[in-house]
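# Kindly generate the corresponding structure for this input.
(4 chains)
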2 protein chains.
Amino acid sequence: MNESVEAISKKLADKGLKVTPQRIAILAAIYQLGGHPTADNIIENIRRNHPHIASGTVYKILDILVDNKLVKRVHTERDVMRYDGIMERHHHLYCGECDLIEDYVDETLDQLLEDYFKSKQVKGFRMREFVLQITGTFDKC
Amino acid sequence: MNESVEAISKKLADKGLKVTPQRIAILAAIYQLGGHPTADNIIENIRRNHPHIASGTVYKILDILVDNKLVKRVHTERDVMRYDGIMERHHHLYCGECDLIEDYVDETLDQLLEDYFKSKQVKGFRMREFVLQITGTFDKC
DNA sequence: CCTCAAATGAGAATTAGTCTCATTTAAAGT
DNA sequence: ACTTTAAATGAGACTAATTCTCATTTGAGG
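As a prediction, this is how the structure comes out:
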């Protein structure tokens, strides 16, 4: 999923964000890297074409992108934050052996959950979204 | 959910782990604190009766307890690891406003998911367990 | 009660992420 | 195009969670 600079710029502008080369580079890196890169993966990727970007800037921009729903944070079992440029609803497969995390898209499941929670409210809590964390083992690991 | 020193010792011994005062204190603290304490919450709690425990020791013991399935790590959106002494299957409610995480037990939901995944296999992945992360807002927040 | 591998304590080291502040820049208006 | 200005960035100091190292202690089997 690679997107053009124009497409990325439009996404930023649509959210009312200033369009800067750094922001474009970070979104482009997330799309290009795919999977669930860490901030460090992103920094490393960007520095190839943009050697002077400060790591603090990357963290700040990632926060802004998350706040503006252009990127999601991925919950992990370990202490490094990961990011995800896919905003469609999806779940995650966590490998118990290594730190691989794969996306799992399943609209039937989404519908099942949605139907279930339509009738079942949790008292004192307004639900907004759900992500299923499925832990197991990949054959390849 | 407070457990006696004897009960905790037995849990450790049953896993083939050495029973040490530090390990007992950490498990007792997790049970006593309830919720989803951070390593720091646990250290603070233990130091009252056990002032000389080293933080490195606490982290190492927590790893051992997680490896031996006496404690779970809780996936969070932020960078501090949290722990959970409840080993029964349950899900989590995450507050979007603050960093509150509550347990959500729902056996009907568990059954629903189990039935669904009985017929639906994910290729190349052997599933072991699932936790639903439900994000939303608590009325009290 | 001896032995010894395993566990612990103390503190240094690492590292992800945050903060500060001087400088630069995007973009709205002239 | 040119100005203006609030917002964004770069550089690097700083913080805090977690890991590492290694000398010392201890649990548990023989």
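# Now the element after the helix or strand harbouring residue A:64, going C-ward?
Assessed by DSSP states H and E, residue A:64 sits inside helix A:55-67. Counting by DSSP H and E, the next helix or strand C-terminal to helix A:55-67 is strand A:72-74.
# Give me the sheet partners of that following strand and which way each runs.
Strand A:72-74 sits in its sheet next to strand A:82-84 (antiparallel), going by DSSP bridges.
# quick one: the helix or strand that the partner strand is followed by near chain B?
Following strand A:82-84 in sequence order, the next helix or strand is strand A:91-95 (DSSP H and E). Yes - contact of strand A:91-95 with chain B (Cβ under 8 Å from any Cβ of the partner chain) involves residue A:93. Every residue, glycine included, has its C-beta placed from N, CA and C.
# Just the CA trace of strand A:91-95, in PDB.
C-alpha atoms of strand A:91-95 as PDB (Å, rounded to 0.1, in the frame of the first residue of the first chain):
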ATOM      1  CA  HIS A  91      -7.800  -7.600  14.500                       C
ATOM      2  CA  HIS A  92      -4.300  -8.800  15.400                       C
ATOM      3  CA  LEU A  93      -2.600 -12.200  15.500                       C
ATOM      4  CA  TYR A  94       0.200 -12.200  18.000                       C
ATOM      5  CA  CYS A  95       3.000 -14.800  17.800                       C
END
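# Sheet partners, orientation included, of it?
Here, using DSSP bridges, strand A:91-95 pairs with strand A:101-104 (antiparallel), strand A:125-138 (parallel).
# Export those to JSON lines and append columns for distance to residue A:95, mean pLDDT and mean neighbour count.
Output for the strands paired with strand A:91-95, formatted as JSON lines (distance: least, Cβ to Cβ, whole Å; pLDDT from 0 to 100; neighbours: other Cβ atoms under 10 Å in any protein chain shown):
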{"stretch": "strand A:101-104", "distance to residue A:95": "7", "mean pLDDT": "89", "mean neighbour count": "17"}
{"stretch": "strand A:125-138", "distance to residue A:95": "5", "mean pLDDT": "91", "mean neighbour count": "17"}
